[in-house]
Every structure is written in C-alpha cells, then in structure tokens.
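A.B. asks: Model the structure of this input:
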Amino acid sequence: LPAIMEERMESEPNYFPVFDQPLLQFRCAGKILRITQGVLESKASKDSIVPPPPTPVHEFIWASGPVTVKVLEALPSLVRGKRVLELGSGTGIGGLAAAAVGAAEVVLTDL
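C.D. replies: Reported below is the predicted structural model:
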C-alpha cells in the first residue's frame, strides 16, 4: 500500500482504500506483480436518472489484497513449498503473491 493509505488506515478505522487506477504494481519477494483492474466509467449523462451499471466486484483490487501480499512476504513459510487454492480470487493478487514467495502450486478461481 502507498504510505499515505497505510497512515490513514491506522488513524481512521473506517477508512477503506480505493485503488482507482487501471494498472497497479506491487512488490513481493523481489518480484513486481502487475495487476490490471476495471475502472468504472459512467456512460450515462449527468442529467440521467438511471445510474450506470456497476463494474463487477471481481475486477477490483480490494484492500485485503495488498495486505495479503505484505503478510506472505513477511511470512513466506505460510505457503512456501505448499499447494495453495485461492477461492474467489478476483484479480488474483493473493495467489500471485503466494507463487512469488515459493508456493509449490497455486490454483486461482474466479479470475
């Protein structure tokens, strides 16, 4: 997480970081994980009473993703040499981090 987001998460318990860029990069075990995510762009007119359709939740990096990256980088023994199954992986950042720190096999679902 960018330092500013980490500071706000510590000082504001209800703060939820939003990653609003289409391409994000995270470092894990000396590797760079590049994730492309959806970005909500409204096609509706600003005068429209019909809201634009929501972007599917699986296309976004949730705040727990970068936290998972940090935990696995700090404690690679949690997955090193093991088989990992990530259920509901969305963008797959958790599984990619597991592979980066040495999981023997990683299976991602819901990509």
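A.B. asks: which helix is the longest one in this structure?
C.D. replies: helix 64-74 (DSSP state H).
A.B. asks: Quick check: mean pLDDT of it?
C.D. replies: For helix 64-74, the mean pLDDT works out to 89.
A.B. asks: And stretch 25-43, by the same measure?
C.D. replies: 75.
A.B. asks: start at 55 instead
C.D. replies: All right, first residue 55 from here; so that's stretch 79-97.
A.B. asks: can you dump the C-alpha coordinates of it into CSV?
C.D. replies: The C-alpha trace of stretch 79-97 is given here as CSV (Å, rounded to 0.1, in the frame of the first residue of the first chain):
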residue,chain,number,x,y,z
GLN,A,79,2.1,-2.7,-9.3
PHE,A,80,3.0,-4.4,-6.0
ARG,A,81,6.4,-5.7,-5.0
CYS,A,82,6.7,-9.1,-3.4
ALA,A,83,9.8,-11.2,-2.7
GLY,A,84,11.8,-9.0,-5.1
LYS,A,85,9.2,-9.5,-7.9
ILE,A,86,6.8,-7.0,-9.3
LEU,A,87,3.2,-8.1,-9.5
ARG,A,88,1.3,-6.1,-12.2
ILE,A,89,-2.5,-6.2,-11.9
THR,A,90,-4.9,-4.7,-14.4
GLN,A,91,-8.2,-3.9,-12.9
GLY,A,92,-11.5,-2.5,-14.0
VAL,A,93,-12.2,1.2,-13.8
LEU,A,94,-15.8,2.5,-13.5
GLU,A,95,-16.5,5.0,-16.3
SER,A,96,-20.0,6.3,-16.5
LYS,A,97,-21.5,6.4,-19.9
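A.B. asks: May I see the buried residues of that stretch?
C.D. replies: Buried residues in stretch 79-97, counting neighbours by 16 or more other CB atoms under 10 Å, are found at Phe80, Cys82, Leu87, Ile89, Gln91. The C-beta positions use only the backbone N, C-alpha and C, and glycine is treated the same way.
A.B. asks: Could you check the pLDDT of Glu113?
C.D. replies: What the model reports as pLDDT for Glu113 is 74.
A.B. asks: I meant Pro108, not that one.
C.D. replies: pLDDT for Pro108: 56.
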